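> predicted coordinates and the sequence they were generated for:
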Amino acid sequence: MDVVKLDAGYDQAFVDAVAEESGQDPYLCYQCGNCTAGCPYTFVYDLPVHQIMRLLQAGQKEKILKSRSLWLCATCESCTTRCPNEIDVARIMDVLRHMARREGHVTEKQVKQFADSFLNSVKKHGRVFEFGTLVKYITRSGRIWTDYDLGPKVMRKGKIAARPHDIKGKEEVARIFRSVFGEANDEF
Amino acid sequence: MNSELRYAYYPGCSGLSTSKDYEISTRAVCRALGITLKEVPDWSCCGSTPAHTVDHVFSAALSARNLALVEQEGLQTVITPCPSCLTNLKVAAHRMCEESFRNEVNRHLEQACQNSIRVKSVLQVLVEDVGLQALQDRVMKPLTGLKVAPYYGCIMNRPPDIMDFDDPENPVAMDHILKALGSEVLPFPLKVECCGASYGVARKDVVMHLSGKLLSLAESLGAEAIVTACPLCQMNLDLRQDQINKTLGTSFRIPVFYYTQLMGLALGLDKEDLLLDKLTIDPEPALEKMRQAEAEARSEEV
Ligand code: SF4
Ligand code: SF4
């Protein structure tokens, strides 16, 4: 078993930043395990969500930001709904993922590539163009499309729009991206 | 029935593509029940999950652009069929109650958002503003005997202080609608369990496992159909059902309806309003069985 020494490496600035960005007090957590009990993603997590909460209290920045769990959380809101101490756990997971992204710890590359391809489509058209998102994702990830078997079903039933729906205000939407992430950002 | 059923309407991107059937049937059902939908002019994407996993101000700004458009239309309430859009719009509105957050969001917008708009799901409007009795009175072709598993997905009602509708652990809005339509609603213990969300592309294994569990439970309960209110849930359970069968060695063949499609059927709406042919798993056998049982019951009565 992986033993983490909680009495070393406490990073106060990290705990403060998470508390500030999420608006939550991680020290309210008393490790009841409710969040993990209801988390449908524990089966693919390297750290169950209650352990992330404990590591957060102990200021274990590295250990947390390198966790795969951050990228696999689906924001299903089960943990937030069931935490007896009213901690918005899903929001903390979101904030931790923001930090991991900013610091370049991407442990589930494809998940990030998919999100980026999605946002790229929104930036370009003002609305997401699902087909374009897929093509972009496949190009970026260099993966063979694992859903090739869905192709005929989707096409035969006309289930996916073949053309983007550009909106009039698409430039306005693109400006939101540039305003938040800077002119130079080419992630999306 | 309330005479002033007028709302701004936010369809969401998937309604233009993969969930066109949800979009068309939602509009048709609303029309039939006297609800006027004013589509938000030139609405843009809410950013869905990808946006909030990158930055919260960014995500709120994408939603707030749309809320500002609703404000310009002079309407008080915007409604949407999609739980993901619903969550984003509601979370943005909730966080913007804090002035500093609202100001930060507005810094990125050309048209400032006053945050004066109420956000609701179409489902909430159907239950609260139209009402179950009014709905039941309009049923022309009851879905008698159709055994359905109502599946709400994870975010329709959670977290409760933001979503502010129905029960977060055991939601019943759709159960009540389906009962009013005459169908037999099964208790579905996994009604708020996640289906695998948008991981179908990047981590297909996750969807196979989670959606597989839902299908397996529905089958063991004897459900003839699953009923959803979410484009992503519907896609994972329906379009990916064969993939799930291949991965898990199962042989599920359970049709997965949008609740608005079943409403449309019961209200006697036209075929073009339901787009049942968009469903990957053919719903006809289940519907045929229902019709036959009804015909038999009727002949016994005579
Ligand atoms: S449910 Fe809340 S208190 Fe319990 S372990 Fe999780 S975060 Fe801590
Ligand atoms: S929000 Fe994330 S961490 Fe919380 S229960 Fe859902 S998947 Fe697990």
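Great, that's in hand. Ligands and ions are numbered 1, 2, ... in the order given.

> mind checking how far the residue nearest to residue A:66 when sequence neighbours are not counted is from ligand 2?
Distance criterion C-beta to C-beta, 6 or more residues apart in numbering or on different chains; nearest residue to residue A:66, sequence neighbours excluded, is residue A:105 at 5.2 Å. Heads up, the C-betas are built off the backbone N, CA and C, glycines and all. Distance, residue A:105 to ligand 2, by C-beta to the nearest ligand atom, to the nearest Å: 17 Å.

> assign a three-state SS to residue A:105, would you?
For residue A:105, the secondary-structure state derived from DSSP: H, G, I helix; E, B strand; the rest coil is coil.

> what is the burial count for it?
17 (other C-beta atoms under 10 Å in any protein chain shown).

> same deal with residue B:114?
In terms of burial, residue B:114 registers 12 neighbours under the definition other C-beta under 10 Å.

> who touches it in this structure?
B:68, B:71 (C-beta atoms under 8 Å, 6 or more residues apart in numbering or on different chains).

> what about the helices in chain A?
A:12-22, A:34-38, A:49-57, A:61-65, A:69-72, A:78-82, A:89-102, A:109-125, A:130-141, A:150-156, A:170-181 (DSSP state H).

> repeat that for the stretch 1-150 of chain B.
Counting by DSSP state H, counting those that start in this stretch, the stretch 1-150 of chain B forms helices over residues B:20-32, B:48-52, B:56-73, B:83-95, B:99-106, B:122-125, B:132-138, given from the N-terminal end onward.

> put together TSV for the helices of chain A, with mean pLDDT and distance to ligand 1 on each row.
Putting these into TSV (pLDDT from 0 to 100; distance: least, C-beta to the nearest ligand atom, whole Å) gives the following:
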stretch	mean pLDDT	distance to ligand 1
helix A:12-22	98	12
helix A:34-38	98	3
helix A:49-57	98	4
helix A:61-65	97	14
helix A:69-72	97	13
helix A:78-82	98	6
helix A:89-102	97	5
helix A:109-125	93	23
helix A:130-141	72	33
helix A:150-156	73	37
helix A:170-181	96	29
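
> just the pLDDT for residue 7.
Picking chain A for this. Here, the pLDDT recorded for residue A:7 equals 83.

> that's the wrong chain, I meant chain B
What the model reports as pLDDT for residue B:7 is 98.

> thought it was touching residue B:35?
Yes. Taking contact to mean C-beta atoms under 8 Å, the distance of 7.0 Å between residue B:7 and residue B:35 places them in contact.

> need the overlap of contacts for the two.
residue B:125.

> residue B:19 contacts residue B:233, correct?
No. Using C-beta under 8 Å, residue B:19 is not in contact with residue B:233, being 10.2 Å away.

> and whichever residue of chain B sits closest to ligand 1, what does it touch?
Using C-beta to the nearest ligand atom, the point where chain B gets nearest to ligand 1 is residue B:159, with a distance of 12.7 Å. For residue B:159, the residues meeting the contact criterion (C-beta under 8 Å, 6+ apart) are A:77, A:80, A:81, A:88, A:90, B:168.

> let me have those residues in a markdown table, adding neighbour count and distance to ligand 2 as columns.
Below are those laid out as a markdown table (neighbours: other C-beta atoms under 10 Å in any protein chain shown; distance: C-beta to the nearest ligand atom, whole Å):
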| residue | neighbour count | distance to ligand 2 |
| --- | --- | --- |
| A:77 | 26 | 6 |
| A:80 | 24 | 7 |
| A:81 | 23 | 9 |
| A:88 | 20 | 10 |
| A:90 | 26 | 4 |
| B:168 | 20 | 13 |
